[in-house]
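In: Quick one, what's the 3D model for this:
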Amino acid sequence: MKIIGVIPARYKSSRFPGKPLADICGKPMIWWVYNQCKKVEDFDEVYVATDDERIFETCRSLGVEAIMTSDSHKTGTDRIGEVARKIPADLIVNIQGDEPLLEPATIKKAIEPFYSDPELKITNLMTKIHDPVDVVNPTVPKVITNKDGIGIYLTRATAPFPKGSIDYSYYKQVCVYGFKPDALEFYCDYGIKYGKAKIEAVEDIEILRFIENGYKVQYMEVNSETVAVDTPNDLEKVRAIVAAKIENGEIVIE
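Out: You can find the predicted model right below:
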């Protein structure tokens, strides 16, 4: 099975323009994500997919494999779909370009179910929320699954609501996805014909397009305290964490 990792990266972010190139201890954020992905032994190839020449040229200068894609994609998954059409593979793994602290073992968790279930089309990761602020934070998508870990809904709201008991563990999405090519083809074709799906557009959570249309999305729980860089404040948190790891010898920049 040929498996490729693809990191979508765009410059025009409404909340944080240019964040793939944001400096983290001397290297751009996209470099950190790419190098974490390269440590995943399951990957045959890893690419950054971007529509911006600045990101593309920065990647090339740092030895990062990059592919130029259309600037008309409405979502990162649509951008992944373009790469899937250009580079044949049996499994495409989408790793968000704003998660520089993702561990290779965490990324691998999105791949493992495909080895045992040939009928599986889509995986996504989730992790238990330990900070109560994240439960009410609208930038943190909460994941609701059934007893078998199949996704029922994702929301930026606090859900499910604890009416009768507070004995409930909330989970947040970790943005690593595994896609079979035909699932990506559906996603992209749907977008061309109809745009975003109804609830996908309301919540602005891409994976809901699959769930709304009856696809089984297998969620895998991971123990991950990764920080997604959505704002400049998030970037400062990540810089502090990386700087501490460098000082402690946990990270060596080559």
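
In: Show me where the stretch 151-254 of the chain has its helices.
Out: Taking DSSP state H, counting those that start in this stretch as the test, the helices found in the stretch 151-254 of the chain are 181-194, 198-203, 208-212, 232-247.

In: ok, for the residue minimising distance to the centre of the chain, nearest residue in space, not its chain neighbours?
Out: Centroid check for the chain by CA atoms, centre = their mean gives Cys175 as the closest residue, at 2.8 Å. Spatial nearest neighbour of Cys175, excluding adjacent residues (CB to CB, 6 or more residues apart in numbering): Gln96 at 4.0 Å. Every residue, glycine included, has its C-beta placed from N, CA and C.

In: That neighbour touches Arg10, doesn't it?
Out: No. Contact criterion CB atoms under 8 Å: Gln96 and Arg10 do not qualify, at 11.3 Å.

In: list the residues that contact both of the two?
Out: Gly76 (CB atoms under 8 Å, 6 or more residues apart in numbering).

In: so how far is Lys147 from the residue nearest to Cys175?
Out: Gln96 sits 28 Å away from Lys147, going by CB to CB, to the nearest Å.

In: Out of these two, name the residue with the larger neighbour count.
Out: Set Gln96 next to Lys147 and count neighbours by other CB atoms under 10 Å: Gln96 wins out with 19 against 5.

In: buried stuff in stretch 242-253?
Out: Val242 (16 or more other CB atoms under 10 Å).

In: Same check on stretch 38-51?
Out: For stretch 38-51, by 16+ other CB under 10 Å, it's 40, 42-43, 46-51.

In: how far is stretch 103-114 from where the chain is centred?
Out: Its chain's C-alpha centre and that of stretch 103-114 lie 12 Å apart, by CA atoms, centre = their mean, to the nearest Å.

In: For that stretch, C-alpha coordinates in CSV please.
Out: The C-alpha coordinates for stretch 103-114 follow below in CSV (Å, rounded to 0.1, in the frame of the first residue of the first chain):
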residue,chain,number,x,y,z
GLU,A,103,4.3,13.6,17.2
PRO,A,104,5.0,11.0,14.5
ALA,A,105,3.4,8.3,16.7
THR,A,106,0.2,10.4,16.8
ILE,A,107,0.1,10.8,13.0
LYS,A,108,0.6,7.0,12.7
LYS,A,109,-2.6,6.4,14.6
ALA,A,110,-4.6,7.8,11.7
ILE,A,111,-3.0,5.1,9.4
GLU,A,112,-3.2,2.0,11.5
PRO,A,113,-6.9,1.2,11.1
PHE,A,114,-6.5,0.9,7.3
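
In: Run through who's touching it.
Out: 1, 3, 5, 36-37, 39-42, 91, 93, 95, 120, 123-125, 174, 176-178, 180, 218, 220, 222, 224, 226.
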